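Colleague: here's a sequence, model it:
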Amino acid sequence: MKKARWLAVFAVVALCAGSDARAQEQPDLRKLAEGMKRNQEELRHYSWDSKVVFEVNGVQKRVDMYTVRYVMGGMVQKTQVSSEVDKKKVRLPDGKKLSKKERESAREFVTEAKQQLDAYLNPLFAEKAVVTALATINDGTLRLQSHDVIETGDSVEINLVQATRRPKTADIKTMIGDSPVKLEVSFESLDYGPNYPAHSITTTTWQGIELKIITENSNYVEQKY
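Modeller: Coordinates of the predicted model:
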């Protein structure tokens, strides 16, 4: 009887250990990347509103509102609805005021940084980031970490809900020249529809000034063709 009881206990322990091992199994990264690609293709059938905020040293300097949709060839078309600009002078760390030309240069720099980082969300590079990632699971979150996706030394971290494989956040870091740049993205999901980047922050520095572009996407509507 004692032997039988010990065998039963051993079987329970082994079963629990097996369940834990299955819970920690590595996901099929290729299949996961294909699912993300399908999601991006589905998202191309929607239009949405986009609010873009430009900050300098934590101070809001410009707010632009757009309507956005995909057009032929997968290109994004943005139509500006409104724009509000704070015309107060911006100062460098040494107290010098930025000229209009310098302000435009700063805005162009962070805009180009955002465009470069947004490329990581393109299906081609997103797929590479996923299939080459190191996957770990912790507290219901599937974390994918990869490096050298587009540029040598860059890093991409994607966090997904383990059970549903829906993305929660993505953090991308790289360099543009001597300036570090970072993109932080938070995702949401449409009811019975695709996932989408709801909120993103692009951060970099230019001549000692911290520059940010904050983007909020909302009001997704499926287009009927």
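
Colleague: need the longest strand for the chain.
Modeller: Across the chain, the longest stretch assigned as strand under DSSP state E is strand 209-222.

Colleague: give the buried residues for it.
Modeller: 209, 211-215, 217, 220 (16 or more other CB atoms under 10 Å). Placement of C-beta: from N, CA and C, glycine included.

Colleague: same list (those residues) but as a markdown table, adding pLDDT.
Modeller: Formatted as a markdown table, the buried residues of strand 209-222 follow (pLDDT from 0 to 100):
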| residue | pLDDT |
| --- | --- |
| Ile209 | 89 |
| Leu211 | 94 |
| Lys212 | 95 |
| Ile213 | 96 |
| Ile214 | 97 |
| Thr215 | 97 |
| Asn217 | 97 |
| Tyr220 | 96 |
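
Colleague: check the offset of the longest strand of the chain from the chain's centre.
Modeller: Relative to the centre of its chain, strand 209-222 is centred 11 Å away, using CA atoms, centre = their mean, to the nearest Å.

Colleague: within its sheet, name the partner strands of it and how each one runs.
Modeller: strand 46-56 (antiparallel), strand 195-206 (antiparallel) (DSSP bridges).

Colleague: tell me the one of the buried residues of strand 209-222 nearest Gln80?
Modeller: For those, the closest approach to Gln80 (CB to CB) belongs to Thr215, at 14.0 Å.

Colleague: most tightly packed of the strands paired with strand 209-222?
Modeller: Among the strands paired with strand 209-222, ranked by average contacts under mean count of other CB atoms under 10 Å, first place goes to strand 195-206 (a mean of 19).

Colleague: quick one: mean pLDDT over that one.
Modeller: Averaged across strand 195-206, pLDDT comes to 95.

Colleague: what sits up against that strand?
Modeller: Strand 195-206 is contacted by residues 39, 43, 46, 48, 105-106, 109-110, 113-114, 117, 121, 166-167, 176, 179-190, 210-218, 220 when judged by CB atoms under 8 Å, 6 or more residues apart in numbering.

Colleague: give me that answer again for 6 Å
Modeller: 39, 106, 109-110, 113-114, 117, 166-167, 179, 181-189, 211-217 (CB atoms under 6 Å, 6 or more residues apart in numbering).

Colleague: kindly write the ChimeraX command that selects the buried subset of these.
Modeller: A single ChimeraX command selects the buried members of the contacts of strand 195-206 (16+ other CB under 10 Å):
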select :39,106,109,110,113,114,117,166,167,181,182,183,184,185,187,211,212,213,214,215,217
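
Colleague: among the contacts of strand 195-206, which are in helices?
Modeller: Among those, the members found in helices (DSSP state H) are 39, 106, 109-110, 113-114, 117.
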